[in-house]
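**Q** make a model of this:
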Amino acid sequence: MKTDSARAQIPLPEGIPSGKEYYERSLTVALLRARESTMRRFKKYADQADLSLPQWRVLRALADGDALDAGTLCQRCVILPPSLTRILRALSERGLIRPVECDDARRHMVTLTPEGQALFDRLVGASESSRREIDEAFGEEKMMLLLDMLNELRIVTEALPDSE
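**A** Numbering: from 1, shown residues only. I've put the predicted structure just below:
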């Protein structure tokens, strides 16, 4: 069994910082910290409506008015299929979504109910001040640039070959 001191003796490849600097400049850690810090400002609104954050993301995705299938919801909301199944069941039981007829019986299409749309509208209105506060503190231009860059980063990393 390797000890911590044995592991510490293994040199890192050239150019890779070590210790705290490596951790503090980690893309994945920075993304997680930014997500957690940002989501804390919005979680209270979901909590007030007795919604989980993934449930809130599903309502947001459906709020455009178009019925969506489970695969599209998984992709847009960044939710795994088994979790989405539980979320759709919970939202349906609360009367916030309803199934929609579809020509393809294999596709499960859903849309917001009027109650779901009203809840979405109420939560967006309540959370708007938090969104605006973040935009003003960070800077609206910087926020737009950040969003563009994050979307570009996602596109670039999705296009990279899988590493084994």
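**Q** list the contacts of stretch 29-47.
**A** 23, 52-53, 55-56, 123, 126-127, 130-131, 133-134 (Cβ atoms under 8 Å, 6 or more residues apart in numbering). In short, each C-beta sits where N, CA and C put it, glycine included.
**Q** next structured bit after the helix or strand hosting Ala46?
**A** With elements taken from DSSP states H and E, the one containing Ala46 is helix 27-48. With elements assigned by DSSP H and E, the helix or strand that comes after helix 27-48 is helix 53-62.
**Q** now do that following helix: which elements does it pack against?
**A** In terms of contacts (3 or more Cβ pairs under 8 Å, 6 or more residues apart in numbering; DSSP states H and E), helix 53-62 is packed against helix 27-48, helix 70-77, helix 81-93, strand 109-112, helix 114-138.
**Q** out of the ones you listed, nearest to Met149?
**A** When these are compared by Cβ to Cβ, helix 27-48 sits nearest Met149, at 11.7 Å.
**Q** got the buried residues for that closest one?
**A** Buried positions in helix 27-48, judged by neighbour count with 16 or more other Cβ atoms under 10 Å: 42, 45-46.
**Q** which one of those residues is nearest Met109?
**A** Ala46 (24.2 Å).
**Q** pLDDT wise, what is that closest one at?
**A** Ala46 carries a pLDDT value of 94.
**Q** do the same with the one 5 residues further on
**A** According to the prediction, Leu51 has pLDDT 97.
**Q** let me see the contact set for it.
**A** So, once contact is read as Cβ under 8 Å, 6+ apart, Leu51 ends up touching 59, 123.
**Q** got phi/psi on it?
**A** phi -120, psi 140 (degrees, to the nearest 10).
**Q** picking that back up, are any of the contacts of stretch 29-47 buried, and which?
**A** Applying 16+ other Cβ under 10 Å to the contacts of stretch 29-47 flags 55-56, 123, 127, 134 as buried.
**Q** tell me where the protein is predicted with low confidence.
**A** 1-13, 15-19, 105, 164 (pLDDT under 70).
**Q** okay, the angle between the helix holding Ala46 and helix 53-62?
**A** 80 degrees (axes from the mean of the first three to the mean of the last three Cα atoms, to 10 degrees).
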